[in-house]
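J.: structure, please.
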Amino acid sequence: MAYFGVDSTLPSTSPDAAATGSARQEAVRGVHPSAPIPVQGPGVGSEVRVALDESGLSVFPLILGGAEFGWNVDLESSHAILDAYAELGGNAVHTSDSFSSGRSEHIIGQWLHSRGLRDDIVLAVRVGGHPDNPGLGSVNLVRAVEASLTRLRTDRIDVLYLDATADRKTALEDTLATAEWLVETGKVRTIGAMGYAAAQLVEARIFASAGYPRITVLDVPFNVLRRHEFDSDLRLVAGAQGMAVTPSHALEHGFLAGRLRSKQRGSLSVRGAQLAANLNRRGNRTLRALDAVGAELGVPDAAVAVAWLLAQKLVTAPIVNAYAPGQVEELVQGVGVRLSRAQLADIARASE
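T.: The predicted structure is shown next:
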């Protein structure tokens, strides 16, 4: 009888075959039953993708942010974080020309080049805040993009976020006219925005009907404690225009991961102490709700915070920063978590 193409009635008597079989048995016996199963091939998340916009870009529902690269995380640790994210199936990385004065872009660019992953990664870059090329005026916007391309060691940016918080003076039409040139020359694939009011996004859509590029991706500082940032007008416009929402500050600078609680750390950073004082009781109630849901589902608080965002209408993929490879594993768990209505209601009540 033959199984899987092997004729069991004709066992091999070859000395070489016997030696090979013996070696294989020894190898199998040498592995302890509790040893981790080796992972081969692409990560399980490599098949998990959501459409980002009409350009055809598709991303893992969790975008890895590079805000800490070159600031609180050195080059080697940053590359380890990026490796962990890619190995788990992640394919979208976000940075800004203002993060660590461009060092974040340098680090990500070195990683993309050394790993040969540029064509596999959706690269999102926010511009407007670098001191050398501030604002969104035509000259500085072009210079900012060129400088980012150089630091990132690439010829294109997949999603260019225009940071309106860094420039309230430049006319929207002028910015979009420059963005049009960047898209036409292949330096940018699609346009995103941060800091624009609902009325400005409506105006941008009117300009798009005249031939300017559409703003198809929106970054809002949004999480369970910052629900007011994504107000009803902004939600209405984003929904009506079919924008992909990629909220930043998903963990409120680490607070929603439970890492700033005094019970877990004997001392807090100045930033952490300020956050803890500002959030006070509402923040602690929210953490307790995340604790309860996390314990029920067997996942960390950070994963619950990510899952809460993904359960919100219009949210496509949160932008989340990590300080260590282990944190990437915690965050990615949130993609696979589906919160019940009762759990969502409990978290919402606690954060009010």
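J.: can you report how many residues neighbour Asp74?
T.: Per other Cβ atoms under 10 Å, the neighbour tally for Asp74 reads 13. Where you see a C-beta, it was placed from the backbone N, CA and C, and this is true even at glycine.
J.: setting aside sequence neighbours, what's the nearest residue to Val217?
T.: Of all residues not flanking Val217 in the chain, Gly192 sits nearest, at 3.4 Å (Cβ to Cβ, 6 or more residues apart in numbering).
J.: can you check the pLDDT for that neighbour?
T.: Listed pLDDT for Gly192 reads 98.
J.: cool, His228 as well?
T.: Confidence at His228, expressed as pLDDT, is 89.
J.: can I assume it sits in a helix?
T.: Yes. His228: assigned to a helix according to DSSP: H, G, I helix; E, B strand; the rest coil.
J.: for the stretch 151-300 of the chain, which segments count as strands?
T.: Remark: strands assigned in the stretch 151-300 of the chain by DSSP state E, counting those that start in this stretch are 157-163, 188-194, 215-219, 244-245.
J.: buried set for the first one?
T.: Meaning strand 157-163. For strand 157-163, burial by neighbour count (16 or more other Cβ atoms under 10 Å) applies to Ile157, Asp158, Val159, Leu160, Tyr161, Leu162, Asp163.
J.: ok, Pro213 - contacts?
T.: Leu176, Ala179, Glu180, Val183, Thr190, Ile191 (Cβ atoms under 8 Å, 6 or more residues apart in numbering).
J.: and if we set it to 7 Å?
T.: Residues near Pro213 by Cβ atoms under 7 Å, 6 or more residues apart in numbering: Leu176, Ala179, Glu180, Val183, Ile191.
J.: kindly report the same for Ala208.
T.: With Cβ under 7 Å, 6+ apart, Ala208 has these contacts: Arg214.
J.: surely Asp83 forms part of a helix?
T.: Yes. Assessed by three-state DSSP, Asp83 belongs to a helix.
J.: do you know how far Glu296 is from Ala307?
T.: Distance of Glu296 to Ala307, given as Cβ to Cβ, to the nearest Å: 12 Å.
J.: re the thing from before, tell me the one of the buried residues of strand 157-163 nearest Val217?
T.: Nearest to Val217 among the buried residues of strand 157-163, counting by Cβ to Cβ, is Val159 at 5.5 Å.
J.: may I have the phi/psi pair for the most centrally placed residue in the chain?
T.: When Cα atoms, centre = their mean is applied to the chain, the residue found nearest the centroid is Ile63 (1.4 Å). Backbone geometry at Ile63, expressed as degrees, to the nearest 10, gives phi -90, psi 130.
J.: hmm, back to that, output the contacts of Pro213 as JSON lines; include the columns neighbour count.
T.: What follows is the contacts of Pro213, written out as JSON lines (neighbours: other Cβ atoms under 10 Å):
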{"residue": "Leu176", "neighbour count": "22"}
{"residue": "Ala179", "neighbour count": "25"}
{"residue": "Glu180", "neighbour count": "17"}
{"residue": "Val183", "neighbour count": "17"}
{"residue": "Ile191", "neighbour count": "25"}
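J.: and the furthest pair within those residues?
T.: Largest separation among the contacts of Pro213 by Cβ to Cβ: Leu176 and Val183, giving 10.1 Å.
J.: with neighbour numbers in mind, choose between Glu296 and Ala307.
T.: Remark: of Glu296 and Ala307, Ala307 carries more neighbours, 25 against 11, as counted by other Cβ under 10 Å.
J.: state the three-state secondary structure for that one.
T.: helix.
J.: pull the contacting residues for it.
T.: Contacts for Ala307 were tallied using Cβ under 7 Å, 6+ apart; they are Gly334, Val337, Leu339.
J.: low pLDDT regions in the stretch 201-350 of the chain?
T.: Scanning the stretch 201-350 of the chain for pLDDT under 70 picks out the ranges 260-279.
J.: now with 80, please.
T.: Counting by pLDDT under 80, the stretch 201-350 of the chain contains low-confidence residues at 259-280.
J.: the residue nearest to Leu141 when sequence neighbours are not counted: neighbouring residues, count only.
T.: Excluding the flanking residues, the one nearest Leu141 by Cβ to Cβ, 6+ apart is Thr178, at 4.8 Å. Applying other Cβ under 10 Å, we find 20 residues neighbouring Thr178.
J.: now swap in Arg143 and tell me
T.: Neighbours of Arg143 (other Cβ under 10 Å): 15.
J.: got the phi and psi for it?
T.: Per-residue torsions, Arg143: phi -60, psi -40 (degrees, to the nearest 10).
J.: tell me where the stretch 101-250 of the chain has helices.
T.: Applying DSSP state H, counting those that start in this stretch to the stretch 101-250 of the chain gives helices spanning 103-115, 138-152, 172-184, 198-209, 232-240.
J.: what's the angle between the shortest one and helix 198-209?
T.: Note on geometry: by axes from the mean of the first three to the mean of the last three Cα atoms, to 10 degrees, helix 232-240 and helix 198-209 are set 30 degrees apart in direction.
J.: the residue nearest to the centre of the chain is in contact with His94, isn't it?
T.: Yes. With contact defined as Cβ atoms under 7 Å, Ile63 and His94 form a contacting pair (5.0 Å).
J.: shared neighbours, those two?
T.: The contact lists of Ile63 and His94 share Ala124, Ile319, where a contact means Cβ under 7 Å, 6+ apart.
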